[in-house]
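**Student:** from the sequence below, what's the structure:
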Amino acid sequence: MTISDAENDLSLIKAIQQGEQNAFSELYDLHNAWLLAVAYRILQNRRDAEDLLHDVFLEIWNKASSYESKRGSVRSWLAVKIRSRALDRIRALNTIKKHIVQKEVSDSIYEPATNETATTMIEHLQAKKLLEQLTADQRTVIELSYFRGLTCQEIANHCQIPLGTAKSSLQRALQVLRREFNSKEVATHAS
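**Tutor:** Here you go, the predicted model:
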């Protein structure tokens, strides 16, 4: 980046502060490609990166006055904005996904219906104990597959993991459940 590029960016920001749409368009044209690349590198999703880029440029249009030249170049300011918003988005999405999956799955699975018989309730508790032997990831894929009826592809999409990871997690979880179930069966028959 040359001094003239930095000066041009600065003049564009000043023009944007005055509400000049052409200056905003020019700033966007100059910087959108590399900002999109930064967002994509962090988010690993093209649509999310594009959405974030849109949000950051909307913020620039609405809050161009927040730029302070003494704190760094316009390019640096843009980079910090896109990076911090991308990291914020990842943290928020991870928190939301974790909360939603745990809440949906645990609330819908572990509460027996009010009209269940005592035998069904005992079986329910035994199944719950078996599920507790799994890691959180394994439990999630089992619950999504068997209790919500999702396919491996749907599980991969829901959890935002590769299809192969969803399949292998499901397979490992089933192996653990079979092993635990068989050991409980042996213990029951031995008693």
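**Student:** who's in contact with the helix or strand encompassing residue 138?
**Tutor:** If you go by DSSP states H and E, residue 138 is part of helix 136-142. If you take CB atoms under 8 Å, 6 or more residues apart in numbering as the criterion, helix 136-142 is touched by 101, 105, 131-132, 134, 155, 159, 166, 169-170, 172-174, 176-177. All C-beta spots, glycine's among them, are computed from the backbone N, C-alpha and C.
**Student:** neighbours around residue 70, how many?
**Tutor:** The local packing of residue 70 (other CB atoms under 10 Å) involves 4 other residues.
**Student:** typo on my end, it should be residue 144
**Tutor:** By other CB under 10 Å, neighbour count at residue 144 equals 22.
**Student:** does it really touch residue 161, like I thought?
**Tutor:** No: distance between residue 144 and residue 161: 11.3 Å, which falls outside the contact criterion (CB atoms under 8 Å).
**Student:** what's the overlap in contacts for the two?
**Tutor:** residue 155.
**Student:** where does the chain dip in pLDDT?
**Tutor:** 1-3, 93-127, 146-147, 181, 184-191 (pLDDT under 70).
**Student:** let's see 90
**Tutor:** 1-6, 42-45, 47-48, 71, 84, 86-191 (pLDDT under 90).
**Student:** tell me where it has strands.
**Tutor:** Using DSSP state E, the chain contains no strands.
**Student:** show me it divided up by domain.
**Tutor:** 3-95, 110-190 (automatic domain parsing).
**Student:** how far does the helix holding residue 138 sit from the chain's center?
**Tutor:** 17 Å (CA atoms, centre = their mean, to the nearest Å).
**Student:** and stretch 4-19, by the same measure?
**Tutor:** On CA atoms, centre = their mean, the centre of stretch 4-19 falls 35 Å from that of its chain.
**Student:** quick check on the contacts of helix 136-142: which are buried?
**Tutor:** Using 16 or more other CB atoms under 10 Å as the burial test, the contacts of helix 136-142 include 101, 105, 131, 134, 155, 159, 166, 169-170, 173-174, 176-177 as buried.
**Student:** residue contacts, the spatially closest residue to residue 165 that is not a sequence neighbour?
**Tutor:** Leaving out its chain neighbours, the residue that sits closest to residue 165 by CB to CB, 6 or more residues apart in numbering is residue 156, at 7.1 Å. Residue 156 makes contact with 162-163, 165-166 under the criterion CB under 8 Å, 6+ apart.
**Student:** distance check, residue 10 against residue 141.
**Tutor:** 52 Å (CB to CB, to the nearest Å).
**Student:** who's more crowded, the two?
**Tutor:** Taking other CB under 10 Å, residue 10 and residue 141 do not tie; residue 141 has more neighbours (28 against 14).
**Student:** need the max-distance pair from the contacts of helix 136-142.
**Tutor:** 132 and 166 (21.1 Å; CB to CB).
**Student:** what's next to stretch 36-53, contact-wise?
**Tutor:** 32, 35, 56, 79, 82-83, 85-87, 89-90.
**Student:** which ones among those map onto helices?
**Tutor:** 32, 35, 56, 79, 82-83, 85-87, 89-90 (DSSP state H).
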